[in-house]
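Q: what's the 3D shape of this:
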Amino acid sequence: MKSMIVKCLITLTIITGISFNHWHESQAFSPQVIQHGATGEDVVELQARLQYLGFFNSQIDGVFGWGTYWALRNFQYEFGMEIDGLAGKEAKDKLVQNSDYDKEFVRKNIDAGNSFTHYGGMDLEDQVKQGSSKSQPKAEEAPQQQNQAESDQSTDQGTDQGTDQESQTADDQTSVTEAPIEPTSVNIPNGFSQNDIRLMAQAVYGEARGEPYEGQVAVAAVILNRIQSPIFPDTVSSVIYEPLAFTAVADGQIYLEPDETSQRAVLDAINGWDPTGEAIYYFNPDTATSNWIWSRPQIKRIGKHIFCY
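A: From the prediction side, this is the model:
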């Protein structure tokens, strides 16, 4: 009888321990369904776990924006779940099972204002210090890119460009003369060469000259958002010259000489201004011929372009 009681106690301890460990492992997420527009600790954990697995490549900020939404959908696709962009029990459990999460580490760096966008892989602290090139596996191959920016600009061919422009310093930048705009950047950030900035300026000029200044910044922001997205190439030139990606490349307007406004727009985008809300596509609804581009979730319209995911 005593032996039977001991066995029962051992069994109960094991079962209790398993239940406690499972609860402890999953307790960071609250029971609520996390969806677009949400903010707070649940979103921080969601972004961190998605980033650990290579689906989310933006800064962890606790705001469930469109970037988080599409990262979650790609995760759901890869793991065979219903693709709805909602972090319910199934998605959260699957994330907990397949990723690590150090709440104190993440919160400490967010509170300190540290920017880190590659949470996972090597030791976390080392990763923040070293930075990391975008090497996560692509979560989902994007459909063939459409001509999402059917420009109504002239199709005159430009001439090949000569040598690169000399480096511009902060003092070279002038304020925008259109409507009051914020923020206006005056710095050339690290990580982008003069060739990168010039090529982006050519793309902005070819795609959006004549658009309001905000619309020109928006085109530059889409290029940068694609670089950060796991479904696009990870360099400026490879994003811009991807087949069928930009009309300005197809019709030769990429080779036109960019003006100062397009260059300022690129710098504003690089320094963090994204008027699009993290869009990765845009198109002119008056000239678009692709049914596919109309199927993308639309974020906003700026000038003649609709920006979307």
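Q: who's in contact with residue 222?
A: Residue 222 makes contact with 276, 279, 280, 281, 282, 307 under the criterion C-beta atoms under 8 Å, 6 or more residues apart in numbering. Yep, even glycine has a C-beta here, placed from its N, CA and C like the rest.
Q: how much space between it and residue 263?
A: 17 Å (C-beta to C-beta, to the nearest Å).
Q: with residue 239 instead?
A: For residue 239 relative to residue 263 (C-beta to C-beta), the value is 18 Å.
Q: please apply the same query to residue 269.
A: From residue 269 to residue 263 the distance is 11 Å (C-beta to C-beta).
Q: residue 224 against residue 272, yeah?
A: No - in this structure, residue 224 is not within contact of residue 272 by C-beta atoms under 8 Å, at 9.6 Å.
Q: tell me which of the two has more neighbours.
A: residue 224 (20 against 12; other C-beta atoms under 10 Å).
Q: lowest average confidence across helices and strands of the protein, where is it?
A: helix 124-130 (a mean of 39; mean pLDDT, DSSP states H and E).
Q: dump stretch 46-53 to PDB, keeping only the CA atoms.
A: Extracted as PDB, the C-alpha positions of stretch 46-53 are listed here (Å, rounded to 0.1, in the frame of the first residue of the first chain):
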ATOM      1  CA  LEU A  46       5.200  38.500 -31.100                       C
ATOM      2  CA  GLN A  47       7.700  40.600 -33.000                       C
ATOM      3  CA  ALA A  48      10.700  39.200 -31.200                       C
ATOM      4  CA  ARG A  49       9.700  35.600 -31.800                       C
ATOM      5  CA  LEU A  50       8.900  36.300 -35.500                       C
ATOM      6  CA  GLN A  51      12.300  38.000 -35.700                       C
ATOM      7  CA  TYR A  52      14.000  35.100 -34.100                       C
ATOM      8  CA  LEU A  53      12.600  32.800 -36.800                       C
END
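Q: can you map out the strands along the chain?
A: 281-283, 298-302, 305-308 (DSSP state E).
Q: residue 96 is nearest to which of these?
A: Nearest of the strands of the chain to residue 96, taken as C-beta to C-beta: strand 298-302 at 30.2 Å.
Q: would you mark the buried spots in that closest one?
A: Under the neighbour-count criterion of 16 or more other C-beta atoms under 10 Å, strand 298-302 has 298, 299, 302 buried.
Q: quick one, what contacts the second one?
A: Residue 299 makes contacts with 66, 276, 277, 278, 279, 307, 308, 309, as judged by C-beta under 8 Å, 6+ apart.
Q: the first one now?
A: When contacts are counted by C-beta under 8 Å, 6+ apart, residue 298 touches 306, 307, 308.
Q: one more time with 6 Å
A: Contact partners of residue 298, counting by C-beta atoms under 6 Å, 6 or more residues apart in numbering, are 306, 308.
Q: just the pLDDT for it.
A: Here, the pLDDT recorded for residue 298 equals 94.
Q: what's the burial count for the residue nearest to residue 106 when sequence neighbours are not counted?
A: Using C-beta to C-beta, 6 or more residues apart in numbering and skipping the chain neighbours, the partner closest in space to residue 106 is residue 48 (5.1 Å). By other C-beta under 10 Å, 28 other residues sit near residue 48.
Q: state the pLDDT value of residue 48.
A: In this model, residue 48 carries a pLDDT of 90.
Q: any idea how far residue 251 is from it?
A: Distance from residue 48 to residue 251, by C-beta to C-beta: 43 Å.
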